[in-house]
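got a predicted structure here, sequence first:
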Amino acid sequence: MNKTFLDLGKVGVVKDVQPQELPINAWSDCVNMRFRNGGLERMKGELQVFTTPSVTPYWLQPFYQGGKRFWVHAGTAKVFADDGTTRTDITPTVAPTGGVDDRFTGGVLNGVLIANNGVDAPWYWGGSDLLLPLPGWAAGMKAASIRPFKNFLVALDVTKPGTPATRFSQMVKWSDAAVPGAVPQSWDQNDKTKLAGELDLAEEPSLMIDQLPLGDVNIIYKENSMYAMRATGGMDVFSFQRLPGSVGALGRGCIAQTPLGHVVLTHGDVILHAGQGPRSIINGTLRKWLFQSIDSANRARSFVVTNPPYKEVWVCFPELGAERCTLAAVWNWDENTWSIRRLNNATYAAVGQLDAATTNTWDSQNYAWDDAVQPGARMS
């Protein structure tokens, strides 16, 4: 007897409920498929767009400068900038000394690239020559996370030099304001002619992890809490407010921006929040499966990235026994469905554009247009 099944893509994959208890249009398992528009479709494969990297990249940052679109990628001791035609070694004179788990943070401020590995002094790059140390940064000082916010750079979990060095794991430290086209010139919180400052957010004792702007607010993530950092325009420069909830971020790079707010991989959940109370978006579907599947020793190597053309967030993680990310739990924010994608030992991902000349000459294509890989998150 024939039976018609409707809306096969409405529910997605649900692995946290016994198969016999699922609705008829839910899937107990499904890999490398996505659910949208009420149906299913095969996830497309991978396409190499640059030559094989000279080092294993553990950080990627798209950067546009001088009419070129660069992809800056960092290993543990080398940093390169690739424009699709030329790969340039931009490693600073004193090479980075971090390890695989010393994940880079940074971004682009005023058209200048910022890079920080949490072990060495942070660097900047304007599109030519080598990475240079940030001006005004005290010798021997380091920070776990540094990212741009408005015309400032914001550092979290700061270690100051001394005998011995002192770690201020609750500290938020911000630079002086930068003029257009330049990086900040001072981090001296004692200079009253500057806007630089620092503050300990010690109400909740867990470690500072990372940060990401959300609209006009910079959201600071600790292990078990979140804070809003707002520009005041007054003598205090910034105000800080603890946000509702007792959740934070699992690690650096575990936060992604979507039209609905931040999606965050926490120590036991995947949450969505827009500055208000966080809510789980994975509970009852893949939450148990995700945290039973993730390798506990390498969990901090997980990362979260968006795939905007498909309105997806990829929560990438190393499965049990893996040292690199081999699986992704994929959430479609438009359909509110989850799916699962296999990864080829990914170390990081970022979203950006490529010059058309890099990949799209007709003579170089050996597949039908319908089979072409949709540009989205670039995996390494």
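Now that the structure is in, tell me what you want to look at. Numbering: from 1, shown residues only.

what distance do you get for the residue nearest to Glu335 when sequence neighbours are not counted to Val247?
Among residues not flanking Glu335 along the chain, Arg36 sits closest, at 5.3 Å (C-beta to C-beta, 6 or more residues apart in numbering). (C-beta placed from N, C-alpha, C; glycine too.) The spacing between Arg36 and Val247, counted by C-beta to C-beta, to the nearest Å, is 28 Å.

cool, and Arg167?
24 Å.

which one's more surrounded, these two?
Val247 (22 against 14; other C-beta atoms under 10 Å).

quick check, pLDDT for the more buried one.
Listed pLDDT for Val247 reads 97.

equivalent analysis for the one 10 residues further on, please.
In the predicted model, Gln257 carries a pLDDT score of 98.

what sits against it?
Leu212, Pro213, Leu214, Thr306 (C-beta atoms under 8 Å, 6 or more residues apart in numbering).

give the bridge partners for the nearest residue to the first one once chain neighbours are set aside, please.
In this structure, Leu212 finds its nearest non-sequential neighbour in Ile255, 4.7 Å apart by C-beta to C-beta, 6+ apart. Here Ile255 shows beta-bridge partners Val264, assigned using DSSP bridges.

same check on Lys222?
Met208.

give me the distance between it and Thr4.
Taking C-beta to C-beta, one finds Lys222 at 51 Å from Thr4.

between these two, which one's more packed in?
Lys222 (24 against 4).

distance of that one from Cys316?
22 Å.

select the longest helix from this protein.
helix 287-293 (DSSP state H).

list phi and psi for the residue nearest the centre of the chain.
When the chain is reduced to its mean C-alpha position, the closest residue under C-alpha atoms, centre = their mean turns out to be Gly253, at 3.4 Å. For Gly253, the backbone dihedrals (degrees, to the nearest 10) come out as phi 90, psi 10.

and for Met33?
Note on Met33: backbone dihedrals following degrees, to the nearest 10 are phi -130, psi 150.

so who does it touch?
Here Met33 is in contact with Leu40, Glu41, Arg42, Met43, Ser339 (C-beta under 8 Å, 6+ apart).

quick check, Ala115 in a strand?
Yes - counting by DSSP: H, G, I helix; E, B strand; the rest coil, Ala115 is part of a strand.

do you know how far it is from Ile209?
18 Å.

now do the strands in the stretch 51-200 of the chain.
59-65, 68-74, 79-82, 87-89, 105-109, 112-116, 123-125, 132-133, 142-149, 152-160, 166-174, 197-200 (DSSP state E, counting those that start in this stretch).

who's the residue nearest to Glu335 bridged to?
According to DSSP bridges, the partner residues bridging Arg36 are Gly39.

who touches it in this structure?
Arg36 makes contacts with Gly9, Tyr310, Lys311, Asn332, Asp334, Glu335, Thr337, as judged by C-beta under 8 Å, 6+ apart.

from these, which is closest to Gly127?
Tyr310 (31.1 Å; C-beta to C-beta).

Met229 touches Lys150, doesn't it?
No - checked against C-beta atoms under 8 Å, the pair Met229 and Lys150 is beyond contact range at 9.9 Å.

neighbour count: these two, which is higher?
A side-by-side neighbour count of Met229 and Lys150, using other C-beta under 10 Å, places Met229 first with 22 against 16.

take the contacts of Gln257 and keep only those in strands.
Mapping those onto strands (DSSP state E) picks out Leu212, Pro213, Leu214, Thr306.

and the residue nearest to the second one when sequence neighbours are not counted, what pLDDT?
Here the nearest residue to Pro213 in space, its sequence neighbours aside, is Phe149; by C-beta to C-beta, 6+ apart that works out to 5.6 Å. With respect to pLDDT, Phe149 scores 98.

show me the contacts for Phe149.
Neighbours of Phe149 in contact, by C-beta under 8 Å, 6+ apart: Trp174, Gln211, Pro213, Asn218, Met229.

distance of it relative to Gly136?
17 Å.

same question, Thr105
From Thr105 over to Gly136 (counting by C-beta to C-beta), the distance is 18 Å.

which one's more surrounded, the two?
Just comparing Thr105 and Gly136: by other C-beta under 10 Å the higher neighbour count belongs to Thr105, 23 against 16.

check what pLDDT the residue lying closest to the more buried one once chain neighbours are set aside gets.
Counting by C-beta to C-beta, 6+ apart, Thr105 lies nearest to Ser145, which is 4.6 Å off, once chain neighbours are set aside. At Ser145, the pLDDT value in this model is 99.

same question, Leu354
Reported pLDDT for Leu354: 85.

Arg378 too?
Arg378 is given a pLDDT of 43.

for Phe63, same thing?
97.

can you show me the helices along this structure?
287-293, 356-359.

mean pLDDT for these: which is lowest?
helix 356-359 (a mean of 60).

I'd say Phe80 and Thr88 touch.
Yes - Phe80 is within contact range of Thr88, at 6.5 Å (criterion: C-beta under 8 Å).

before we move on, back to that, quick check: of the contacts of Met33, which has the highest neighbour count?
With neighbours defined as other C-beta under 10 Å, the most crowded of those is Ser339; it has 25 neighbours.

who's it bridged to?
Val330.

that one and Arg34 touch, don't they?
Yes - assessed by C-beta under 8 Å, Ser339 is found in contact with Arg34 at 5.2 Å.

and for the two, which residues touch both?
By C-beta under 8 Å, 6+ apart, the residues touching both Ser339 and Arg34 are Met43, Val330, Asn332.

list the contacts of the second one.
The contact partners of Val330, taken as C-beta under 8 Å, 6+ apart, are Arg34, Asn307, Glu312, Val313, Trp314, Val315, Trp338, Ser339, Ile340, Arg341.
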